[in-house]
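Engineer: Provided below are the primary sequence and the corresponding predicted coordinates.
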Amino acid sequence: MNLARGLKISFAAHALLILFMIIKVTYFAKPEINLSQAIRVDMVGLPDKYTQDDLNTSQPSEIKKNNDLPEKEITQPTQNTPLNSVQRNEKTKNEAVTKSKKSDEISLNKNLKQKQKEALEKVKKLNAIEKIKQAVLKEKLSEQQNKSSPNKIFKGRVITKGTALSGLDKIQSDNYLLKIDSAIKNSWQLPQWLIGKSLKTKVLIKFDENGNLLSKKIYQSSGNPTYDDYCLLAIEKSAPFPKVPEKFTEVYKEDGVLIGFPE
Amino acid sequence: MKFLLSTLLILAFYNLSHAEQAYIKIGEAQTKKSNLAFPLFNQINTGKPPQNIKVAASIHKTITEDLEKSTYFKIMSPNSFLENTSTTSIKSKSLDPSGFKFDTWKNIEADFLIRASFSLIADDISIEMYLYQVNNSKTIIGKKYNAKSSHATQIAHTFANDILEALTGQRGAFLSKIVATTDKTGHKEVITMNWDGSEQTIITSDRSVAISPNWSPDAKKVVYSIYTRKVGSAQTNLTLFEHNILTGKRTIISNRNGLNSGASYSPDGKYIYLTISQSGLPDIFKLNSKGDIISQLTKGPAGAMNVEVALNKDGSKIAFSSDRGGKPMIYTMTSDGGMVKRLTYDGKYNSTPSWSPDGKKIAFASQFDKYFDIFIMDHDGSNIKRLTTATKANGKRASNEDPSFSPDGRFIVFTSNRTGHFQLYTISIDGTEEHRVTQDSHNYYKPKWSNNLEQN
């Protein structure tokens, strides 16, 4: 009797555990933290590249592409067909099309908010785990650093959080990127004849702490110069960007942000 | 040591290139109509008799209307111009000291600028045109046109086509025509007109009821049907005629008992596909240009009618309407009558299919209540979209019928009785922009859009 009960509890507990693991792995999986990231920072900080001032500034950090950003693909405006909106009791197929368009738009807004909420909670939860991981990593890094590089000057630059931002930094960085995103999106316009041609351009932009554009260059051309021009124009029109939070100024000045038109 | 260093370096670069860059996906762009500034022509012959100004103004107007109806542009009002365009030349300052400055056009947010000069000496029109992209101060194209003043409209449409091609890579349908029937004369005759409704010409004078006209591929001939009775016979037939537009001559193609109507040429103009009801039931036949039957493509089934043949651009497929399934619906088959496929299942009455030039879409009219509306679908019957929803002045729904694709595939011409009379309209295939083509209080029926009629 006791054995059966114990077995049941054990089963339930195991099932719970498995469920927990599955959820954790599928939803809260973090990118692997690569130890070689430490080496990378070390090499970037080759001695004569940096002045004393540089060394005093904040650590270089990178912003990972935010997977939690709402999917851009679905935010494209649904085709504007005012004539069609009047229809009632009409062809069922056709109605279904327009209806789903409308509901798409509504659910899009909901989605956005919900996603943002989820992302926030997710990050909070992760924060604790992350801190522990970071501590372990730090230890390892400093150990390695002590071995591989006798030059202590760069110690401050070496001990970084790695390339993946986490916790508050991540939220702040994501929030800032969202601002840039919406600024550029507002001025991202194409003439009708370039719509639906599945052209893709990536532009690398760099800007200073006040959000003033320092440079913009085609990182990956669509092959259509006119399309590339419109991408650059969208960036030109949306600059200057909002003031950059202090801890990211270096990143945006040095590494910049890659903008994908449309992805 | 060296090895270690290089390994480290490689590792470092490997990581640099794989380091996650801050990355934003912007998503699809909004569609924006391009602001187009198109100042009046600079007149380059001195004297400028009033006639010149009139011709120049009418050409300018035609071009402007073409470009506006293309749906790509917002034509800027001359009131917004900061520059007196009659004092600057049609070239930019960098090429010509008296030229215009791009900045004056940038300031008013023009995306494109067309500058052109016009001269009319004796009977010879000469136009020089440049299209500029304002934001990067680039010349996109420059062209010269010379023609007799009787070809003023043609120059204007060619001009507009050149602008469109330079920007979009595709010429417009500005030099195409529409054929229809009209009750203007009190009878029903065949009428042709330019795509914008100008230059209307009634080409028949049968004083009968003309039905279902259609173009030959080169638009030099029109086929249509009228009611005839053979001498000494009580039998009335709907007879198919071919009308030569240049000579005005008409010839009988098919006068078999019953219906001989709803004709459509093969793309090479050698064959005519036609509905004939000599056996009692309307079926689709393939005829040679003299009217001899080559083959019968449909046969019933079970006494069903098969009408309204529409060939796709390469002539490989036919769309038609048939009531073999009970209600009239749209079907397709190969042009030898094989592989019949039903495309539509909804609505009371689906009719008059028309292929897009690329063969990917079919437009048709569908009846639900007492009215028809225009729909468009993929060639396999999927993805049906409604294009029209017009109401009459009394709030009741207007009927929109008889769609026909433009040769550039971007518009559909159809008839609508929203004014109380069946007038011709065009609509962009996304359903967003409608234009009225005919502007009177007569009726027009069964429009068909011609091929592009530009001679290069």
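Structural biologist: Okay, I see it.

Engineer: where does the stretch 1-150 of chain B dip in pLDDT?
Structural biologist: B:1-20, B:46-48 (pLDDT under 70).

Engineer: Going along the chain, name the helices of it.
Structural biologist: B:2-18, B:50-69, B:102-106 (DSSP state H, counting those that start in this stretch).

Engineer: Give me the contacts around the shortest one.
Structural biologist: In this case it means helix B:102-106. In this structure, residues lying in contact with helix B:102-106 by Cβ atoms under 8 Å, 6 or more residues apart in numbering or on different chains are B:37, B:81-83, B:92-93, B:113, B:132, B:134-135, B:137. Using the backbone N, CA and C atoms, a C-beta is placed for each residue, glycine as well.

Engineer: ok, now the second one?
Structural biologist: Contacts to helix B:50-69, defined as Cβ under 8 Å, 6+ apart, come from residues B:36, B:38, B:40-41, B:43, B:45, B:73, B:75, B:118-120, B:125, B:127, B:149, B:152-153, B:155-157, B:159-160, B:163-164, B:172, B:174, B:196, B:198, B:426, B:433, B:435.

Engineer: Could you list which of the residues you listed also contact chain A?
Structural biologist: Counting by Cβ under 8 Å from any Cβ of the partner chain, the subset of the contacts of helix B:50-69 that neighbours chain A is empty.

Engineer: What subset of the residues you listed is buried?
Structural biologist: Among these, the ones that count as buried by 16 or more other Cβ atoms under 10 Å in any protein chain shown are B:36, B:38, B:41, B:43, B:73, B:75, B:118-120, B:125, B:127, B:152-153, B:155-157, B:159-160, B:163-164, B:172, B:174, B:196, B:426, B:435.

Engineer: for the one helix or strand B:Glu242 maps to, which positions count as buried?
Structural biologist: Using DSSP states H and E, B:Glu242 sits in strand B:236-244. Neighbour-count burial for strand B:236-244 flags B:237-243 (criterion: 16+ other Cβ under 10 Å).

Engineer: Closest one of those to A:Val244?
Structural biologist: Of all these, the one sitting nearest A:Val244 is B:His243; the distance, using Cβ to Cβ, is 73.1 Å.

Engineer: Show me what that closest one is bridged to.
Structural biologist: B:Val222, B:Arg250 (DSSP bridges).

Engineer: wait, doesn't it sit right on B:Ile203?
Structural biologist: Yes - if you go by Cβ atoms under 8 Å, B:His243 and B:Ile203 touch, sitting 6.1 Å apart.

Engineer: Common neighbours of the two, please.
Structural biologist: Here B:His243 and B:Ile203 have B:190, B:222 as joint contacts, going by Cβ under 8 Å, 6+ apart.

Engineer: Doesn't A:Lys253 lie inside a strand?
Structural biologist: No - applying DSSP: H, G, I helix; E, B strand; the rest coil, one finds A:Lys253 to be helix, outside a strand.

Engineer: Please report how far it lies from chain B.
Structural biologist: Relative to chain B, A:Lys253 is positioned 12 Å away (Cβ to the nearest Cβ, to the nearest Å).

Engineer: That residue and A:Leu214 touch, don't they?
Structural biologist: Yes - the pair A:Lys253 / A:Leu214 is scored as a contact, 6.7 Å apart, by Cβ under 8 Å.

Engineer: hey, what's in contact with both of those two?
Structural biologist: Taking Cβ under 8 Å, 6+ apart as the contact rule, A:Lys253 and A:Leu214 both touch A:206-208.

Engineer: Same list (those) but as a markdown table, adding secondary structure and pLDDT.
Structural biologist: Converted to a markdown table, the shared contacts of A:Lys253 and A:Leu214 look like this (DSSP: H, G, I helix; E, B strand; the rest coil; pLDDT from 0 to 100):
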| residue | secondary structure | pLDDT |
| --- | --- | --- |
| A:Lys206 | strand | 92 |
| A:Phe207 | strand | 90 |
| A:Asp208 | coil | 90 |
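
Engineer: Can you go through those residues and name the buried ones?
Structural biologist: By 16+ other Cβ under 10 Å, the shared contacts of A:Lys253 and A:Leu214 give A:206-207 as buried.

Engineer: Could I get the shared contacts of A:Lys253 and A:Leu214 in CSV, plus columns for distance to B:Thr298?
Structural biologist: Below are the shared contacts of A:Lys253 and A:Leu214 laid out as CSV (distance: Cβ to Cβ, whole Å):
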residue, distance to B:Thr298
A:Lys206, 67
A:Phe207, 68
A:Asp208, 73
